[in-house]
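In: this one's structure only:
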């Protein structure tokens with residue numbers, strides 16, 4: 001059975017890790033340097049919060065241009081609070097998990113109206129804001145406000161599970177993992193420590209073929225001693241994702257305008273823009289033939305696109321028709337302006353399937 005480590009060992013590991021971080025940290029646009037942090041500088045809480053929300057289920061490289069775009073459009077949290085929600089959704093389009101964008105707007109409004117545009121400096125205060133859970137509250141508290149908060153993301157889980165060779169599978173082992181991180185997190189430089197753990201997991205303690213020879217913590221790593229780091233973290237067996245079917249209809253006028261509509265605010269892709277589709281959900285199929293088209297026209301089959309969501313795979317049969325502009329639920333948008341719309345990736349796939357050059361000027 002895994003023994004509870006003494007507090008002295010995790011604290012010494014933290015010191016070792018921080019020394020490594022001082023030399024090898026990643027340069028990221030929302031961070032300040034370790035030297036500046038040591039000198040008492042603090043990063044902008046707005047920047048940290050924005051980046052952490054964007055980074056959920058997304059890579060650093062994918063987030064960088066979105067982070068820059070949001071700061072260019074809305075330099076302060078009060079600017080984001082005042083922005084039309086449609087503009088926020090359009091700027092977010094392509095990042096996925098669109099409930100994050102809706103909550104981002106709600107949180108900015110709460111910070112502005114309830115806190116005068118200043119983020120609360122404690123985990124509890126941050127957690128009370130819309131869309132902020134345990135992870136984001138801990139990350140912002142530690143990194144932006146120097147609070148001794150235990151920050152847990154996928155990188156940290158991988159590092160801590162290997163250090164301690166935690167055999168219990170995720171997600172049930174999260175509580176045990178967090179207890180280990182609590183022991184390690186130092187009172188001094190907790191934000192740098194959290195970022196060091198993330199950097200170690202992202203660059204050294206990677207899911208496959210970790211670079212153990214370069215790891216500053218290898219001498220105290222139980223998984224390394226057992227010559228089996230890739231076994232950790234242990235994960236429960238994955239269930240096969242269900243496959244859902246549906247159809248999507250791309251209607252285009254001779255003048256080059258496409259029929260679009262907005263999805264309802266709640267549920268999957270809530271508030272985003274789409275072409276007409278059938279009533280598929282994560283739990284039920286929609287119609288997948290042209291018999292379900294929004295109106296009669298010369299609908300032609302254009303093939304099928306596949307899009308994988310977190311809990312299911314969606315296969316949409318795509319149909320295209322050229323038609324004169326007509327009254328329909330939604331609005332007609334010039335093809336040249338599609339990139340500015342709040343189209344999720346699945347809808348960009350649909351439109352590209354029907355109109356291959358629709359996004360040629362703005363490749364993703």
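Out: That came through fine. These figures come from a predicted structure and were not determined experimentally. Numbers count the residues shown, from 1 in each chain.
In: did I read that right, residue 351 in a helix?
Out: Yes - residue state for residue 351 (DSSP: H, G, I helix; E, B strand; the rest coil) corresponds to a helix.
In: what about the spatially closest residue to residue 289 that is not a sequence neighbour, distance to residue 298?
Out: Excluding its sequence neighbours, the residue lying closest to residue 289 (Cβ to Cβ, 6 or more residues apart in numbering) is residue 247, at 6.5 Å. Bear in mind the C-beta positions are built from the backbone N, C-alpha and C, glycine included. Separation of residue 247 from residue 298 (Cβ to Cβ, to the nearest Å): 16 Å.
In: And residue 230, by the same measure?
Out: According to Cβ to Cβ, residue 230 and residue 298 sit 55 Å apart.
In: Please apply the same query to residue 218.
Out: Going from residue 218 to residue 298 by Cβ to Cβ gives 66 Å.
In: Please say which of residue 247 and residue 298 ends up with more neighbours.
Out: residue 247 (25 against 10; other Cβ atoms under 10 Å).
In: Make sure the more buried one is indeed in a helix.
Out: No - assessed with three-state DSSP, residue 247 is strand; it does not lie in a helix.
In: Tell me the helices and strands packed up against the helix or strand of the chain at the bottom of the mean pLDDT ranking.
Out: None of the helices or strands of the chain scores lower by mean pLDDT, DSSP states H and E than helix 34-38, at a mean of 87. Judged by 3 or more Cβ pairs under 8 Å, 6 or more residues apart in numbering; DSSP states H and E, the packing partners of helix 34-38 are helix 8-24, helix 190-203.
In: which of the residues in the last one are buried?
Out: This means helix 190-203. 190-203 (16 or more other Cβ atoms under 10 Å).
In: Please identify which of those is nearest to residue 117.
Out: Nearest to residue 117 among the buried residues of helix 190-203 is residue 191, at 21.6 Å by Cβ to Cβ.
In: List the contacts of the closest one.
Out: 37, 43, 142, 143, 144, 145, 146 (Cβ atoms under 8 Å, 6 or more residues apart in numbering).
In: thinking residue 200 is in contact with residue 159, fair?
Out: Yes - applying Cβ atoms under 8 Å as the test, residue 200 and residue 159 come out as touching, 5.6 Å apart.
In: between those two, what contacts are shared?
Out: With Cβ under 8 Å, 6+ apart, residue 200 and residue 159 have common neighbours residue 217.
In: Can you get me a residue count around the closest residue in space to residue 264 that isn't next to it in sequence?
Out: Nearest non-adjacent residue to residue 264, counting by Cβ to Cβ, 6+ apart: residue 270, 6.4 Å away. Neighbours of residue 270 under the rule other Cβ under 10 Å: 15.
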